[in-house]
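Student: Here is my input, please return the structure:
(one chain, ligands or ions: 1)
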Amino acid sequence: MKEIGVGIIGMGWMGEAHSNAYNNIKAKFASLNVSPKLIICSEIIEERAQAAKRRFGFEKCTTDWKKVVEDPAVDIVDITAPNSLHLEMIEYCIKHKKHINCEKPVGAFPDDTIKAYELVKDYEKETFVGYNYRWSPLVQEAKKLIEDGAIGELRHFRGRFFSCYAADELGFYSWRFEKENGHGALTDIMSHAVDMAINLMGEISEVQGVMDTFIKQRPIAPAGASHYAKGSKNDEMKDVTNDDYVNAIVKFKNGARGYIDSSRAFYGPTSEMTFEVHGSKGSIKWNFEEMNTLNLYIHEEGKQNGYRKIYSSPLHSNHGNFNPSDGSGLGYEDLKAIEAANFLNVIVHNDKSKKVNFEDAKNVALVLNAIIESNENKTVVSL
Ligand SMILES: NC(=O)c1ccc[n+]([C@@H]2O[C@H](COP(=O)([O-])OP(=O)(O)OC[C@H]3O[C@@H](n4cnc5c(N)ncnc54)[C@H](O)[C@@H]3O)[C@@H](O)[C@H]2O)c1
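Tutor: Sure, this is the predicted structure:
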């Protein structure tokens, strides 16, 4: 069994999810024959670093992220720190010849993502990106059905990520709301929706985009508070300087049309990362909020119309890694385990059939840049 040393930078939500993912590999993906070893984690909040070491079983922890990259026992560095730190960390990982698993969107701005891709174009090590929704067994099934021609010629895509994480006007101000640290909904969640569009439909050739901000100020968080917690009306406030909402009318290279939008600022949809693909013979729709269900409609002449529900089961890619039961669903963190397994499969077995690397992130970034340009100039932008 091949042992691989892992270091993780940033022990917030994603740092924890990545740690759990690696800890799951030996049990859930035994056929990979890989044993990831949690060597060192880094976190600027000392208590959080110590807690992560204890809870996930890292050998060491530090408040200096460079020590993670420099550690000779570390083969893979996972970057789960705020977006504005990604690029500097990537550059340091390249200098120290580490495999890099960076959370989306890879950098604060689409131009950072493009730069990161250029830096690794001829890099001898592997990269991966946290576009985890691709790995839901039923999204993998949807992709297979589309590629097999089950719904015919692709004509339309409707995708969105409506998350309510910033819908509370008293939700704390954090790096996520500050333009100098990057865009808002555009890079945070529209990036997922655009990645899914490209994953299922192929390249986007034309974009018309709009961006807007609904909640103009937020309370400042006390030191150490979770960015996902909330303050009160009496707290000191800070201006939100990036976007709450973004939409794009798109055309794909294959001629299909589409509409993609994302919001972090309304209630109702909770984590509605969803798509509907329409073709000449039928349609497929999926929603992360009901991740273990796929709706499929294949038109049959003379039969009554309507979608049928398909439940996640061991018939679908990777479901069987978690349980042997039809309809016993998977959850968000299982997608992170599949993501880690796919990355390890690239590194150890050179199997790139399920990869999402910096080139894929760059393709998303080009579309995000086109949305920005279209919003600023009120024009249709060709890619
Ligand atoms: N793929 C997904 O579904 C998904 C979901 C959420 C976030 N993300 C991405 O993951 C990344 C982190 O997001 P999060 O939600 O975990 O944020 P978070 O705020 O919960 O965690 C980030 C952590 O990094 C720490 N940190 C800040 N500066 C640091 C430094 N210099 N060295 C070490 N640690 C430092 C913070 O203290 C914090 O604990 C972002 O890039 C985000 O876009 C991806």
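Student: alpha carbons only for contacts and neighbour counts from here, please
Tutor: Fine.
Student: tell me which element whatever residue of the stretch 201-350 of the chain ends up closest to the ligand is part of?
Tutor: Relative to the ligand, the nearest point of the stretch 201-350 of the chain is H227 (5.6 Å; CA to the nearest ligand atom). For H227, there is no host helix or strand (DSSP states H and E).
Student: Centre-most residue in this structure?
Tutor: Y131 (3.0 Å; CA atoms, centre = their mean).
Student: list the contacts for the spatially closest residue to Y133 that is not a sequence neighbour?
Tutor: Excluding the flanking residues, the one nearest Y133 by CA to CA, 6 or more residues apart in numbering is L335, at 6.9 Å. Residues near L335 by CA atoms under 8 Å, 6 or more residues apart in numbering: N132, Y133, W135, S136.
Student: dump the residue contacts of the closest residue to S313 other than its chain neighbours.
Tutor: Spatial nearest neighbour of S313, excluding adjacent residues (CA to CA, 6+ apart): D326 at 4.2 Å. Neighbouring residues of D326 by CA under 8 Å, 6+ apart: Y311, S312, S313, P314.
Student: I figured the third one hits F322, correct?
Tutor: Which is S313. No - contact criterion CA atoms under 8 Å: S313 and F322 do not qualify, at 10.2 Å.
Student: of the two, who's got more company?
Tutor: Comparing S313 with F322 by other CA atoms under 10 Å, the one with more neighbours is S313, at 22 against 18.
Student: Any residues of this protein in contact with the ligand? List them.
Tutor: By CA under 6 Å from any ligand atom, the residues of the chain that approach the ligand are 9-15, 42-45, 65, 80-83, 103-105, 130-132, 188, 227.
Student: Any of the residues you listed buried? List them.
Tutor: Buried residues within these, counting neighbours by 16 or more other CA atoms under 10 Å: 9-12, 14-15, 42-44, 65, 80-83, 103-105, 130-132, 188, 227.
Student: how many other residues sit next to K303?
Tutor: 7.
Student: again, but for the one 4 residues further on
Tutor: Neighbour count of Y307, defined by other CA under 10 Å: 15.
Student: helix/strand/coil for the residue lying closest to it once chain neighbours are set aside?
Tutor: Counting by CA to CA, 6+ apart, Y307 lies nearest to Y297, which is 4.4 Å off, once chain neighbours are set aside. Classification of Y297 using DSSP: H, G, I helix; E, B strand; the rest coil returns strand.
Student: And whichever strand or helix holds R55, what's buried?
Tutor: Secondary structure from DSSP H and E places R55 in helix 46-56. Buried residues in helix 46-56, counting neighbours by 16+ other CA under 10 Å, are found at R48, A49, Q50, A52, K53.
Student: Can you name every helix or strand that that helix contacts?
Tutor: helix 13-28, strand 34-42, strand 60-62 (3 or more CA pairs under 8 Å, 6 or more residues apart in numbering; DSSP states H and E).
Student: Comparing these, which stretch has the densest surroundings?
Tutor: Counting by mean count of other CA atoms under 10 Å, strand 34-42 has the highest mean neighbour count of the helices and strands packed on helix 46-56, with a mean of 24.
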